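S.K.: Here is a sequence together with a model predicted from it:
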Amino acid sequence: MFYVLHGKDEFTRSEVLAEMKAKMGDPAMADLNTTVLDGSKVTLAELMHACDTVPFLADRRLVIAEGLLTRLEGGGKGKADKGEEQPAWKKQYLEELTAYLKRLPETTRLVLVESESISPNHPVLKMALADKERGYAREFRLPTSGKLRRWITDRVERKGGEIEASAAEELAAFVGSDLRLLDQELDKLISYVDRARPITKADVHLLVSYVQQANVFEMVDALGRRDGEQALKLLHRLLEDGEHPLSLLGMIVRQFRIMIQVKDLAERGVPPSKIGAQLGLHSFVAEKGLRQSRNFSMEQLETIYRKLLETDLAIKTGQMDQVLALDMLVAGLSKSKDMRAA
């Protein structure tokens with residue numbers, strides 16, 4: 001058989017590949033009978049040679065080609081369905097490849113892996129969907145914000161734990177759709193509660209550093225109100241909670257970058273409901289950023305962003321003490337005319 005595994009969800013796709021390798025039996029023999037090819041440069045002859053090789057002391061071989069189908073799409077990446085002329089070599093490669101797939105040795109499992117979703121008009125994908133006996137295709141899409149909480153809940157249950165809805169929502173909001181990172185955070189949380197009780201929102205706040213971004217939101221709100229006293233209080237609360245100054249500065253930079261991005265899209269007429277999806281942000285984060293961005297003009301945000309980068313450089317080059325630099329930054333921004341609402 002041949003398999004087409006495509007889409008942006010690298011984490012789930014890698015798990016499926018791992019399951020396929022596990023079905024090969026003894027790991028030592030599986031390694032001997034597994035070949036991974038770079039699809040961006042592999043020739044058809046090299047691919048066919050790998051597939052035609054007889055398994056060594058086993059009943060099957062696994063051949064994995066990464067990026068081949070994207071390479072063969074139309075006039076370039078993602079252009080197969082736009083009517084653009086296909087280079088002659090790609091056309092010939094595809095014709096010979098599809099013909100070969102029909103006579104693929106029964107002892108070979110060929111897996112075509114793509115890090116992006118490929119066009120539904122791609123000949124190999126169409127063949128995989130049409131020929132159920134020989135082909136299999138699956139698209140791996142990252143869960144949208146609405147489905148991410150369900151993914152977290154299901155993942156915890158698969159690991160033998162439980163999680164409260166509010167805790168799942170908090171993780172979805174602040175970690176986002178990085179499934180590999182989410183999985184690591186869930187392992188940490190499950191170990192912490194030892195499967196003796198459900199994971200709570202308090203557990204998430206205690207163990208997941210990304211949730212500290214909530215206090216960064218509050219600090220940015222205070223800066224928008226030009227409330228320097230409250231902004232400094234929140235800054236030191238984060239530092240006392242163990243947040244490293246550079247990590248904290250990175251979160252502040254991230255929040256102002258989000259504000260610039262969402263404000264730019266809003267000014268170009270993108271509906272608020274679609275801004276998060278376009279930027280790959282959870283709706284909560286996008287909505288918060290959009291609301292906060294209304295306190296500033298685009299010129300003010302860009303000026304502040306430059307000041308943040310100057311502070312980062314001053315800390316990293318040893319020109320200023322880390323905490324002192326953050327204190328001066330927050331105090332300066334809360335008093336500066338650059339922080340006045342547009």
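M.R.: That came in fine, so what should we check first?

S.K.: for the helix or strand that Val220 is a member of, the distance to its chain's centre please.
M.R.: Using DSSP states H and E, Val220 falls within helix 213-224. Computed by Cα atoms, centre = their mean, to the nearest Å, the chain-centroid distance of helix 213-224 equals 25 Å.

S.K.: Can you point out the buried residues in that helix?
M.R.: Of the residues in helix 213-224, Gln213, Asn215, Val216, Phe217, Glu218, Met219, Val220, Asp221, Ala222, Leu223, Gly224 count as buried by neighbour count, 16 or more other Cβ atoms under 10 Å. Backbone N, C-alpha and C define where each C-beta goes, glycine included.

S.K.: Now do the closest residue to Phe11 other than its chain neighbours, the pLDDT please.
M.R.: Nearest residue to Phe11, sequence neighbours excluded (Cβ to Cβ, 6 or more residues apart in numbering): Leu179, at 3.9 Å. pLDDT, Leu179: 90.

S.K.: do Gly75 as well
M.R.: Gly75 carries a pLDDT score of 53 in this model.

S.K.: contacting residues for the residue most central in space within the chain?
M.R.: In the chain, the residue lying closest to the centroid (Cα atoms, centre = their mean) is Asp178, at 4.0 Å. Residues counted as contacts of Asp178 (Cβ atoms under 8 Å, 6 or more residues apart in numbering): none.

S.K.: All the strands of this structure, residue numbers only.
M.R.: 2-6, 34-38, 61-66, 108-114, 135-139 (DSSP state E).

S.K.: Would you convert those strands into CSV that also reports mean neighbour count and mean pLDDT?
M.R.: Formatted as CSV, the strands of the chain follow (neighbours: other Cβ atoms under 10 Å; pLDDT from 0 to 100):
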stretch, mean neighbour count, mean pLDDT
strand 2-6, 22, 96
strand 34-38, 16, 94
strand 61-66, 22, 95
strand 108-114, 23, 96
strand 135-139, 17, 95
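
S.K.: Those strands into TSV, with extra columns for distance to Pro120?
M.R.: Below are the strands of the chain laid out as TSV (distance: least, Cβ to Cβ, whole Å):
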stretch	distance to Pro120
strand 2-6	11
strand 34-38	24
strand 61-66	20
strand 108-114	13
strand 135-139	9
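
S.K.: what about Asp26, how many residues close to it?
M.R.: 11 (other Cβ atoms under 10 Å).

S.K.: Please apply the same query to Lys307.
M.R.: By other Cβ under 10 Å, 16 other residues sit near Lys307.

S.K.: again with Leu17
M.R.: 17.

S.K.: That one: what's it in contact with?
M.R.: Per Cβ under 8 Å, 6+ apart, neighbours of Leu17: Leu5, Ile64, Val111, Val113.

S.K.: same question, Gly242
M.R.: By Cβ under 8 Å, 6+ apart, the contact set of Gly242 is empty.

S.K.: how near is the nearest residue to Lys21 once chain neighbours are set aside to Met127?
M.R.: Excluding its sequence neighbours, the residue lying closest to Lys21 (Cβ to Cβ, 6+ apart) is Ala30, at 5.8 Å. Note on Ala30: its distance to Met127, by Cβ to Cβ, to the nearest Å, is 27 Å.

S.K.: now do Leu301
M.R.: Taking Cβ to Cβ, one finds Leu301 at 50 Å from Met127.

S.K.: Thanks a lot, catch you later.
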